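In: Mind folding the following:
(one chain, ligands or ions: 2)
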Amino acid sequence: MFLRKVILPSLFLLGSMARGQFQEVQVAVLYDRSITAATLIGSKGPITVMADGRIVGELAPNDGLRIELKGGTLSARTLSGSYTARTKLTLVPRMKDGGVRLRPSVPKLSEHVYPGVIEVRIINGRLRFVNEARLEDYVAGVVQSEAGSDKPEEYYKLQAVSCRTYALANARKHEGEGFELCDQVHCQVYHGRADIPLIHAAVQETRGMVVVDANIRLIHATFHSNCGGETMNAEDVWSKAEPYLQGTVDTFCLAQPHATWRRSIGKAQWLNYLASTYGLRLDDKDAVREVLDQNPRCRELYLTARRPLIPLKQVRDDWKLNSTYFFIHAEGDSVVFDGRGFGHGVGLCQEGAMEMARDGYDFNDILHHYYRDVHLIDLGNLEFFREDGP
Ligand SMILES: [Zn+2]
Ligand SMILES: [Zn+2]
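Out: Ligands and ions are numbered 1, 2, ... in the order given. Below you'll find the model as predicted:
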């Protein structure tokens, strides 16, 4: 075992044996929709059509396959013929970079283009569209859906390694349904093929790379919009600690769009809330003065040091505040909250990361700024470790 530990790190240096290895994901698309009819069209070249696993025909590039769920079976029509399937229809592009355009007609929804194969399955009496895509095509699609256009390339690279890491760490979320991931926030938002060249370049340049912690476990690449100048420890927000999710000072987000916020509420409302929820005694002048005047020098977990302890997390939820990081002062009949940041504050601060990328930091620097003691490794090496594990 000792020998193995010595040998393994040198394998990292050899680079990726598995780079370029064929990796695919199965993603249920339009997962939140109940679709009963749709048209499928090849994108870039012809499509082989299979019914219940057997090849039944070919779809020419100018033809569409109109499918419908009828009496528990799938019926499909093209210009030249018709097919039925009991469990699934599979559309396999013939060209390497081919894909499938999916146009739901009942209900009528806008078209999406998916890279790779589309399988139309009947699961529990309803249609499911499952996209079998190369991992890297899926990652590009997620990066585009999450980050949008006009971002620096290093930011796209950072997103690519985070999305890839998340996808692999969560690939069993839908195991019971017969696929790996859905296309909603529940997994990662995915609208299909990416069409921004810079995103494809970022995905290629980080091909196969994932982020692991000191124990070679895929990390939960948690993120939020803006930390307000200081990120949070995971255990202070979700009670479970992660060594790589530790609070850190962040000055990169301070001039960004969600760096500050202000909210004003009635003084009586505020005091009554604290009295009824936490038993604050309104006849205790010192306690009342404190809850009307707060100037924390750093992030805190409780409103004041005095008992009863009032968790800022709860205050944020109850009053729908942007963050738990705020100053308080009284103004006439009101209490004014001057806040910093937006979101839970754990892990990567997106606006800070974007600013770092614009300032010329590379994606590796940015990762290490927000996640402690993490490493970038190639997927192939990760699998090697797992197979070789205790
Ligand atoms: Zn999901
Ligand atoms: Zn920040």
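
In: use CA for all of it now, contacts and neighbours both
Out: OK.

In: Specify the residue positioned farthest from the middle of the protein.
Out: Here the chain reaches farthest from its C-alpha mean at Asp283, the gap being 47.8 Å by C-alpha atoms, centre = their mean.

In: Just confirm that one is within a strand.
Out: No: per DSSP: H, G, I helix; E, B strand; the rest coil, Asp283 lies outside any strand segment and is coil.

In: Tell me how far it lies from Leu292.
Out: 14 Å (C-alpha to C-alpha, to the nearest Å).

In: where along the stretch 151-300 of the chain do the strands fall?
Out: With strands called from DSSP state E, counting those that start in this stretch, the stretch 151-300 of the chain shows them at 181-182, 209-212, 223-224, 260-266.

In: Switch the ones you listed over to a markdown table; also include mean neighbour count and distance to Ser82.
Out: As requested, those are exported to a markdown table (neighbours: other C-alpha atoms under 10 Å; distance: least, C-alpha to C-alpha, whole Å):
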| stretch | mean neighbour count | distance to Ser82 |
| --- | --- | --- |
| strand 181-182 | 24 | 30 |
| strand 209-212 | 23 | 44 |
| strand 223-224 | 17 | 48 |
| strand 260-266 | 16 | 59 |
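
In: Just list whatever residues bridge to the closest residue to Trp270 other than its chain neighbours.
Out: Of all residues not flanking Trp270 in the chain, Val335 sits nearest, at 7.5 Å (C-alpha to C-alpha, 6 or more residues apart in numbering). Here Val335 sits in beta bridges with Ile265, Ala330, going by DSSP bridges.

In: burial of Val335, as a residue count?
Out: Using other C-alpha atoms under 10 Å, Val335 has 22 other residues around it.

In: And Thr39, by the same measure?
Out: By other C-alpha under 10 Å, 20 other residues sit near Thr39.

In: hang on, it in a strand?
Out: Yes: the assignment for Thr39 is a strand, going by three-state DSSP.

In: my read: it touches Ile67, true?
Out: Yes: under the criterion of C-alpha atoms under 8 Å, Thr39 makes contact with Ile67 at 6.1 Å.

In: Which secondary structure state does the closest residue in space to Pro296 that isn't next to it in sequence sit in?
Out: Nearest residue to Pro296, sequence neighbours excluded (C-alpha to C-alpha, 6+ apart): Phe327, at 6.6 Å. Recorded secondary structure, Phe327: strand (three-state DSSP).

In: what about the strands of the stretch 151-300 of the chain, which gets the closest to ligand 1?
Out: Nearest to ligand 1, of all these, is strand 181-182, at 4.0 Å by C-alpha to the ion.

In: which helices and strands does the closest one pack with?
Out: If you count contacts as 3 or more C-alpha pairs under 8 Å, 6 or more residues apart in numbering; DSSP states H and E, strand 181-182 packs onto strand 24-29.

In: Do a quick rundown of the helices in this structure.
Out: Under the criterion DSSP state H, the chain contains helices at 2-13, 135-147, 153-169, 197-205, 234-238, 267-278, 285-291, 312-319, 350-358, 363-370, 379-387.

In: Give me the mean pLDDT for the fifth one.
Out: On average, the pLDDT along helix 234-238 is 93.

In: just the first one next, same as before
Out: Helix 2-13 carries an average pLDDT of 36.

In: Also the last one?
Out: Per-residue pLDDT values over helix 379-387 give a mean of 71.

In: Repeat that for stretch 173-188.
Out: 94.

In: thinking again about what came up before, can I get the helices of the chain in JSON lines including distance to Glu180?
Out: JSON lines is the format used below for the helices of the chain (distance: least, C-alpha to C-alpha, whole Å):
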{"stretch": "helix 2-13", "distance to Glu180": "28"}
{"stretch": "helix 135-147", "distance to Glu180": "12"}
{"stretch": "helix 153-169", "distance to Glu180": "9"}
{"stretch": "helix 197-205", "distance to Glu180": "21"}
{"stretch": "helix 234-238", "distance to Glu180": "26"}
{"stretch": "helix 267-278", "distance to Glu180": "43"}
{"stretch": "helix 285-291", "distance to Glu180": "48"}
{"stretch": "helix 312-319", "distance to Glu180": "32"}
{"stretch": "helix 350-358", "distance to Glu180": "27"}
{"stretch": "helix 363-370", "distance to Glu180": "26"}
{"stretch": "helix 379-387", "distance to Glu180": "17"}
